[in-house]
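Q: Just a sequence and a predicted model for now, questions to come.
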Amino acid sequence: MAEVIVVANREVAGALVAEAVERLAGERADAVLGLATGSTPLPVYRALAERVAAGLDLSKLRGFALDEYVGIAAGHPQSYHSVIDREVVRPLHLDARRIHVPDGRSLGIETAGARYEDAILAAGGVDLQILGIGTDGHIGFNEPGSSFASLTRVKTLTEQTRRDNARFFDSIDDVPLHSITQGLGTILRAKRLVLLAFGRQKASAVAAAVEGPLSAGTPASAIQLHPRATVVVDEEAASQLTQLDYYRHAFAHKPTWDPVIL
């Protein structure tokens, strides 16, 4: 069972995960982060930026983004190369050469997944993977039906995902049809997983991922297979969890020697 932490709001969640990242960086300056994009992880990056502004040095951290769109230029404002640079690299004063994003260029896309897998393995693997969850239960761009053994590869986006992401583009017609994403098998190799979710629209997906059966129909349910997975949610996202009282009880009585998240 994943550890579930219910917090008052996004800002509290961001601070909790930022504390875990700071602790990780204190233990090993060049630790490897798995970086999610979208609106969900922004409170984490903002909390870390505040700590960096106050003197925290994260400059030696390494990172691997979860995914990238296929067929849009790396310089496009909504490419994940651009998003990671804008929301993570620059605010946290990271070394851009240490931060990797899948290669979504059409030229060479056939081997891009294998090359990304090799780069992650060469780095020693991901120490802490930050995840969001889609309304249909996807993580990364692993849409429903994705194999739990899948590695980094090209996926066709569902219309639901394209509608969810259309808010970042001028229209849904501008949202790419394909992505390159770390697979569920790739994600499960990370040493630690932290999945965040906020808002009532995520409640059903969270409940299915945490308490539902293991199913390719809910890709995020793969976190149940990981020995060190933590789910951080606000009250609305937690509203459909049937074991909510137990999660609150377990967190309230967390042993003092067991740090929050990491």
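A: Alright, I've got the coordinates. Numbering: from 1, shown residues only.
Q: ranges for the helices of the stretch 151-262 of the chain?
A: Secondary structure of the stretch 151-262 of the chain by DSSP state H, counting those that start in this stretch: the helices cover 159-165, 184-188, 203-211, 244-252.
Q: so which of these gets nearest Ala8?
A: Nearest to Ala8 among the helices of the stretch 151-262 of the chain is helix 244-252 (12.5 Å), distances taken as Cβ to Cβ. No exception for glycine: its C-beta is placed from N, CA and C like everyone else's.
Q: Show me what the most centrally placed residue in the chain is bridged to.
A: For the chain, the residue nearest the mean C-alpha position is Leu131 (2.1 Å; Cα atoms, centre = their mean). With DSSP bridges applied, Leu131 shows beta-bridge pairing to Leu195.
Q: mind starting the numbering at 34 from now?
A: New numbering, starting at 34: the last item is Leu164.
Q: ok, it touching Arg225?
A: No - using Cβ atoms under 8 Å, Leu164 makes no contact with Arg225, being 10.8 Å away.
Q: residues touching Arg281, list them.
A: Val39 (Cβ atoms under 8 Å, 6 or more residues apart in numbering).
Q: What helix or strand is Gly47 located in?
A: Secondary structure assignment for Gly47, by DSSP states H and E: helix 43-60.
Q: which residues touch that helix?
A: 38, 40, 64, 66, 75-81, 84, 89-91, 93-94, 160-161, 163, 227, 229, 231, 265-267, 292-295.
Q: I'd like to know how many residues surround the residue lying closest to Leu274 once chain neighbours are set aside.
A: Spatial nearest neighbour of Leu274, chain neighbours left out: Ala240 (5.4 Å); criterion: Cβ to Cβ, 6 or more residues apart in numbering. By other Cβ atoms under 10 Å, 20 other residues sit near Ala240.
Q: Okay, buried residues for the worst-scoring helix or strand of the chain on mean pLDDT please.
A: Lowest mean confidence among the helices and strands of the chain (mean pLDDT, DSSP states H and E): helix 192-198, at a mean of 90. For helix 192-198, a neighbour-count test (16 or more other Cβ atoms under 10 Å) marks 194-195, 197-198 as buried.
Q: I appreciate the help and will end here.
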